[in-house]
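J.: the following comprises the amino acid sequence and a computationally predicted model.
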Amino acid sequence: TQSTWGPHSTTMDQITYIKDDQVKLTFLNERTLGEIIRLVFVCADKKFEDKRITLDEWNRLKPTTKCHVIPSVDTINKKEMVQSMAIARVFARKYNLYATCEWEVYLIERAVEQLRDLLKIFLTIKKKQIARDQVETEFQKHDGLVMLKTLCKFFEGDGKRVTFTGAKRCTLAELMFTCVWDYVRVLCPTMTKQFQQLDTLYDNILRKNPKVEDYIKNKRPKTEW
């Protein structure tokens, strides 16, 4: 049967089509769960309003929202889209940052799910307010080291592959990796030496995607998390 994973393979009517003008992302002034959505828009060179709010502002806003969660995205015809990875996936597919076949779906989602597990460790560390000099120890307690080793195994058997799918283009997997490796570099610096392959992957992603690199190095607000 014919694949339905291509970016333009599904016929969209006026009800299901998501217009991407006047996009607003609402989230706290931190990376955590919202950064993957920001990077999708940045990589696709799509303008969006990055509405960053304080925790006090969110507590006042929360009762007025439908789902009571952030991050959320509003477009001109779709209001309060929630769940960060659902949002990231739908816009990644819209902007050709997702899979072109079923096998690529597997390769992307395998990486994304592994990276989500790693991000959850950092979210736990954040919640516990672990001291900076204890973060690496806490990271290893939660099998972070094992998870990074597993991530490296995704490249085994194909030494020339420089992305999670083997394609030259950037996908949701590389953007999710960038979100996670940002934390590894800052909070677990010895890991960057131990996993040089992954550290090089991060540099390559930025070099090949100048809009993402410019956002991360020059335009993104400086936040601890």
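T.: Thanks, I have the structure now. Keep in mind it's a predicted model, so treat the numbers as computed, not measured.
J.: would you map the strands across this structure?
T.: Listed from the start of the chain, the chain has strands (DSSP state E) covering 24-28, 49-53, 72-74, 81-82.
J.: okay, these in CSV with distance to I125 and mean pLDDT next?
T.: In short, each C-beta sits where N, CA and C put it, glycine included. Formatted as CSV, the strands of the chain follow (distance: least, Cβ to Cβ, whole Å; pLDDT from 0 to 100):
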stretch, distance to I125, mean pLDDT
strand 24-28, 17, 97
strand 49-53, 22, 97
strand 72-74, 25, 96
strand 81-82, 24, 95
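J.: among these, which is nearest K126?
T.: Ranking those by distance to K126, with Cβ to Cβ as the measure, places strand 24-28 first at 11.4 Å.
J.: contacts only, for T190.
T.: E136 (Cβ atoms under 8 Å, 6 or more residues apart in numbering).
J.: now do 10 Å
T.: 136, 184 (Cβ atoms under 10 Å, 6 or more residues apart in numbering).
J.: and it, how far from L115?
T.: 20 Å (Cβ to Cβ, to the nearest Å).
J.: ditto for M81
T.: For M81, the distance to L115 - Cβ to Cβ - is 21 Å.
J.: in a markdown table: the strands of the chain, plus mean neighbour count.
T.: A markdown table is the format used below for the strands of the chain (neighbours: other Cβ atoms under 10 Å):
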| stretch | mean neighbour count |
| --- | --- |
| strand 24-28 | 19 |
| strand 49-53 | 15 |
| strand 72-74 | 22 |
| strand 81-82 | 18 |
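J.: using CSV, lay out those together with distance to R93.
T.: Putting the strands of the chain into CSV (distance: least, Cβ to Cβ, whole Å) gives the following:
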stretch, distance to R93
strand 24-28, 17
strand 49-53, 21
strand 72-74, 14
strand 81-82, 14
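J.: check contacts around the residue nearest the centre of the chain.
T.: Central residue of the chain (Cα atoms, centre = their mean): I36, 2.7 Å from the mean position. Neighbour list for I36: 71, 84-85, 87-89, 91-92, 112, 115-116, 119, 172, 175-176, 178-180 [criterion: Cβ under 10 Å, 6+ apart].
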